[in-house]
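Enquirer: here is the input, now give the coordinates:
(2 chains)
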Amino acid sequence: MGSLFRSEAMTLCQLFLQSEAAYACVSELGELGLVQFRDLNPDVNIFQRKFVNEVRRCEEMERKLRFVYKEIERASIPMVDTGDIPDAPPPREMIDLESTFEQLENEMKEINSNQEALNKNFLELTELKFILRKTQTFFDEVENNQITADQPNNDDQQALLAEEGKTIQAAKRLSFVTGVIQRESLPGFERLLWRACRGNVFLRTAEIETPLEDPRTGDSIIKCVFIIFFQGEQLRLRIKKICEGFKATLYPCPENAAERREMAIGVMTRIEDLQVVLNQTKEHRNTVLGAAAKNINPWIIKVKKIKGIYHALNMFNLDVTHKCLIAECWCAVDDLDRIHQALKRGSEKSGSTVPSILNRMETKESPPTYNITNKFTNGFQNIVDAYGVADYQEVNPAPFAIVTFPFLFGVMFGDSGHGTLMFLFGLYLVLKEKSIAKIKGGEMVDTVFGGRYIILLMGICAIYTGTIYNDWFSRSLNIFGSQWYFSNVTLSDEFVRTHSDIQLNPKTAFHNQTPYPVGLDPIWQLAVNKLTFTNSFKMKMSVILGIFQMSFGVVLSLLNHLYFKRTVNIYCEFIPEVIFLGCIFGYMIGLIFFKWLAFTCYSEFQPSILLAMIDMFLNFGATIPKDSLLYAGQGVLQPILVALAVVAVPWMLLVKPLYLRREHQKAMAAKGSTVRYDTTSETAPIVKSEEPPEGVEHNEQKEEPEEEEEFDFGEIFVHQAIHTIEYCLGCISNTASYLRLWALSLAHAELSEVLWVMVLKIGFSTNGYAGFVVTWFMFGGWAALTIAILLIMEGLSAFLHALRLHWVEFQNKFYDGQGMPFQPFSFVRIMKAEEE
Amino acid sequence: MVYRFCGPKCSNCCFVLSIWGIVMLIILGIFFQTRAVTVSEDVDEDGWDQTATSQSYPKISRISCSNDCNSVERPSPQHKNCYIAAGMYGFTLLISIWQKYENSRAAYRAGSTSSGRL
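Expert: Below you'll find the predicted structure:
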């Protein structure tokens, strides 16, 4: 049974597959997705492997499919995605698929080239049509001018126009060129014409209103019709060159109006004919693509599967007799039965008479780490794996993170209102997960969706801590009624007049001496000194939570030592670590709890814990004055604790290296003894006669002769010194680091308070009829800012800090995170990787 | 088609905001009416009477002694504004529901004509 606490017990297996059954067997294993093949020929170039030809064929098929896919997308034909995934086809079907795709591609190419030619033709005709139409207007203008010029009149302007008419009339004897050019290049074209021909040409342009379609890319382009009048053959050549340079297309245009009309009619009929042909081509293309669209998704999956299988087969070794393939793979011990069955199915499918053989192997290598997760635990496992994949069978922090991660987040995000919103959001994602999972929304959406259960739990924890802090959108809720009250004595008129603030005395102003049932008393909402009180409370709470979590991490390291039989680590690391942590920080939180329980407002003195802790070190052994004495015997106990903590440091530092050296010398003295050292796996000596735990044996039984040479006292000592310094300083700095719990919750509370006062309160403090409009409007703004700043921004910040507390402060007490992940050969994984 | 002025995202956003607005403003309205401690700091100095209810927790600097005993059960004036604003959010809720309905119908129509565009 898989548990999240330790990774699965793995084993290395050897697979003997008959050549003819190999494909079917690997296909079955791919569907199962439980084995990770090892590359048995890592030195062989990828092009020299056995099935490189098949892989190449698959890639060719993929290319063709991609081409067809793009064509279908461009024609915006809906693709049928039934969601069912076809099995990997038998190898003989590959040839059928290949020929199908070949045919499809050729057909598509032919249709495309035809269509392109037709489109080009169509474009040319349309352009010609527009030229005829537009130039007609140019010529008409000329004729109009001629008419006006013929009419006698006295108007100056008319005379001017007439003059212009005459010049054009003169130009009529000149030649002209008509063509079409893209609108963007028109200004440059005009300028160059002017310069190159020294102003001796006359250019008229008109824009084509309907955008034309580029036959190659299908984009729409806007073009202009132009007509250039000029004189002489040299200018014609020059103009033609310029036109070429600007990629303008020139069309012949008859000079005669009647000819032009005739040509226009001819063009129109040709366009109509071409339209019919074009429509038919398009229809044909759509039917071909439509047929392909029905099958394209299964095809893509099939080809991917075939490719995956041949990739896996490329990792196998060929037997000397060429009769069978040999594969090596990692798999979980619990899955062996299912793998056996899959192999049996594969052999049956291929019709092979010789069964495939699965052999367990002994190995010295460390197996990959395989944690079985479900949709709930997956998010938390990802958080842990992002830091480092656990060593093989090391204690996995993920199950503890399920509890502590959302809780620490909640401590920093403590607000029941914001927590409710986050909870509802998480709940929505969880309840609608089936329909949301289908939406492909990019990386950001996937990340949020993958962490939906984390969000849900974070919301619940934020509601809980929000209730404890009594913060509801930064306001306190008075559900049970405050336990504080004002006695009539303190509220006398005279007293109020003379005092601006009243300090409530718990002796007189506290109901029944019982606190508010849950969390902070709502009276603090009104108090001037609310922050002073909550800061002290939250700081103590952060330190308590932090030390509990760190101690828990140290305890988990004990589990690792026990499991891997590193006995020396228990005596030389775990015990002094516990003593060091307990004597200083454990004692401190003991004092915090003690003071909460034992001291009341009736106590004679109120000694400070902070001063007690400082005096414990600075005034070592001094007698404690009565007013700062927390309990009887404090003066005796504290020096003992300090002494213990101080002793723990050299204990941690020296005992283990010295012990290892002695053991080593003993071993050297009696050659061939059974004791040796394993410096690579965190030091511990392994006694051969002892039965190592299952699955770990590979780890320890390394190459024997070399190991004994490798014992290096200096290295071990430096390593141990680093560990000791890291731990001792870490205890202090990590405790301080946990104060971020307080700092972030303070920041969150203040930020939400500021938002309430600066935005929402404006609505409430508006009087009169405008009041409700402003309230309505301000609430909208406040809600938007609450989501953007407090939920998303502050939520991310609290998330990151919770992440850090787990990665650094918690996991460095016990977690190595040097393992390699188990990456089984699985079609589902291949398909997912392709999608990304 | 003519009556659709909010897209699916916009109408969903308004939908959620309206529900939140209704719930929260009604709660706030009740707080103002009962003069709960939650909203004590959001009330103007004159309108707020710290000694009005037996379960109040005055921050003494705020007490105005001139109107201490006027009325024991005088609610603060903000509660009406809150209720009206909640009503306005009810109105926007109805609009967003209507728009959501129109959007879903348009999406259905688009789907049935197999244009594939939403």
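
Enquirer: just the mean pLDDT for stretch A:288-302, thanks.
Expert: Here stretch A:288-302 scores 87 as its mean pLDDT.

Enquirer: close to chain B, is it?
Expert: No: in this structure, stretch A:288-302 remains apart from chain B according to C-beta under 8 Å from any C-beta of the partner chain; the gap is never smaller than 11.2 Å. The C-beta positions use only the backbone N, C-alpha and C, and glycine is treated the same way.

Enquirer: tell me the buried residues in that stretch?
Expert: Across stretch A:288-302, burial judged by 16 or more other C-beta atoms under 10 Å in any protein chain shown covers A:V288, A:L289, A:A292, A:A293, A:I296, A:N297, A:P298, A:W299, A:I300, A:I301, A:K302.

Enquirer: can you pick out the most distant pair from those?
Expert: For the buried residues of stretch A:288-302, the maximum inter-member distance is 21.4 Å, found between A:V288 and A:I301 (C-beta to C-beta).

Enquirer: flag the shaky bits of chain B, pLDDT-wise.
Expert: B:1-2, B:43-76, B:111-118 (pLDDT under 70).

Enquirer: which non-adjacent residue is nearest A:I547?
Expert: Nearest-residue entry for A:I547: A:F585, 4.8 Å, with adjacent residues in sequence omitted and distances by C-beta to C-beta, 6 or more residues apart in numbering or on different chains.

Enquirer: what helices or strands is the longest helix that chain B contains leaning on?
Expert: Selection of the longest helix in chain B by residue count, based on DSSP state H, yields helix B:78-112. If contacts are counted by 3 or more C-beta pairs under 8 Å, 6 or more residues apart in numbering or on different chains; DSSP states H and E, helix B:78-112 sits against helix A:761-764, helix A:770-785, helix B:8-34.

Enquirer: ok, residues contacting the helix or strand A:E715 falls within?
Expert: Using DSSP states H and E, A:E715 sits in helix A:713-737. For helix A:713-737, the surrounding residues in contact (C-beta atoms under 8 Å, 6 or more residues apart in numbering or on different chains) are A:543, A:546-547, A:550, A:573, A:577, A:580-581, A:584-585, A:649, A:652-654, A:656-657, A:660-661, A:679, A:683, A:805, A:808-809, A:812.

Enquirer: next one: stretch A:185-196
Expert: A:181, A:201, A:203, A:205, A:224, A:226, A:228, A:238-239, A:242, A:245-248.

Enquirer: isn't the residue nearest to A:I547 right next to A:Q549, touching?
Expert: No: A:F585 sits out of contact with A:Q549 when judged by C-beta atoms under 8 Å, with a separation of 11.6 Å.

Enquirer: related to what we said a few turns ago, farthest pair within the contacts of stretch A:185-196?
Expert: Of all pairs in the contacts of stretch A:185-196, the most separated under C-beta to C-beta is A:C224 and A:R238 at 20.3 Å.

Enquirer: neighbour count winner among the two?
Expert: With neighbours defined as other C-beta atoms under 10 Å in any protein chain shown, A:C224 and A:R238 compare such that A:C224 has more, 20 against 17.

Enquirer: and that one, what is it in contact with?
Expert: Residues in contact with A:C224, defined by C-beta under 8 Å, 6+ apart, are A:V180, A:I181, A:Q182, A:R183, A:L186, A:T205, A:A206, A:E207, A:I208.

Enquirer: distance check, it against chain B.
Expert: Applying C-beta to the nearest C-beta, to the nearest Å, the value for A:C224 to chain B is 33 Å.

Enquirer: the host helix or strand of A:I227 - what's its average pLDDT?
Expert: Element membership for A:I227, per DSSP H and E: strand A:223-230. Averaging pLDDT along strand A:223-230 yields 85.

Enquirer: same check on stretch A:778-787?
Expert: Average pLDDT, stretch A:778-787: 94.

Enquirer: could you dump it to PDB, C-alpha only?
Expert: Extracted as PDB, the C-alpha positions of stretch A:778-787 are listed here (Å, rounded to 0.1, in the frame of the first residue of the first chain):
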ATOM      1  CA  MET A 778     -17.400  53.000  -2.700                       C
ATOM      2  CA  PHE A 779     -18.300  49.500  -1.900                       C
ATOM      3  CA  GLY A 780     -17.500  48.500  -5.500                       C
ATOM      4  CA  GLY A 781     -14.100  50.100  -5.300                       C
ATOM      5  CA  TRP A 782     -13.400  48.700  -2.000                       C
ATOM      6  CA  ALA A 783     -14.400  45.200  -3.200                       C
ATOM      7  CA  ALA A 784     -12.100  45.400  -6.200                       C
ATOM      8  CA  LEU A 785      -9.200  46.700  -4.200                       C
ATOM      9  CA  THR A 786      -9.800  44.000  -1.500                       C
ATOM     10  CA  ILE A 787      -9.500  41.300  -4.100                       C
END
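
Enquirer: circling back to that earlier point, need the CA coordinates for the strand holding A:I227. PDB is fine.
Expert: Listed next in PDB are the C-alpha coordinates belonging to strand A:223-230 (Å, rounded to 0.1, in the frame of the first residue of the first chain):
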ATOM      1  CA  LYS A 223      -4.000  49.000 -52.700                       C
ATOM      2  CA  CYS A 224      -4.100  52.100 -54.800                       C
ATOM      3  CA  VAL A 225      -4.600  52.500 -58.500                       C
ATOM      4  CA  PHE A 226      -2.300  55.000 -60.200                       C
ATOM      5  CA  ILE A 227      -1.900  56.400 -63.600                       C
ATOM      6  CA  ILE A 228       1.200  58.200 -64.800                       C
ATOM      7  CA  PHE A 229       1.400  60.400 -67.800                       C
ATOM      8  CA  PHE A 230       4.700  61.100 -69.400                       C
END
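
Enquirer: roughly how far out does that strand sit from the chain middle?
Expert: The chain centre lies 56 Å from the centre of strand A:223-230; the measure is C-alpha atoms, centre = their mean, to the nearest Å.

Enquirer: flag every buried residue along the helix or strand following it.
Expert: The C-terminal neighbour of strand A:223-230 among helices and strands, as given by DSSP H and E, is helix A:233-245. By neighbour count with 16+ other C-beta under 10 Å, helix A:233-245 contains the buried residues A:L235, A:R236, A:R238, A:I239, A:I242, A:C243.

Enquirer: would JSON lines of these with pLDDT be doable?
Expert: Conversion of the buried residues of helix A:233-245 to JSON lines gives the following (pLDDT from 0 to 100):
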{"residue": "A:L235", "pLDDT": "84"}
{"residue": "A:R236", "pLDDT": "85"}
{"residue": "A:R238", "pLDDT": "85"}
{"residue": "A:I239", "pLDDT": "86"}
{"residue": "A:I242", "pLDDT": "87"}
{"residue": "A:C243", "pLDDT": "87"}
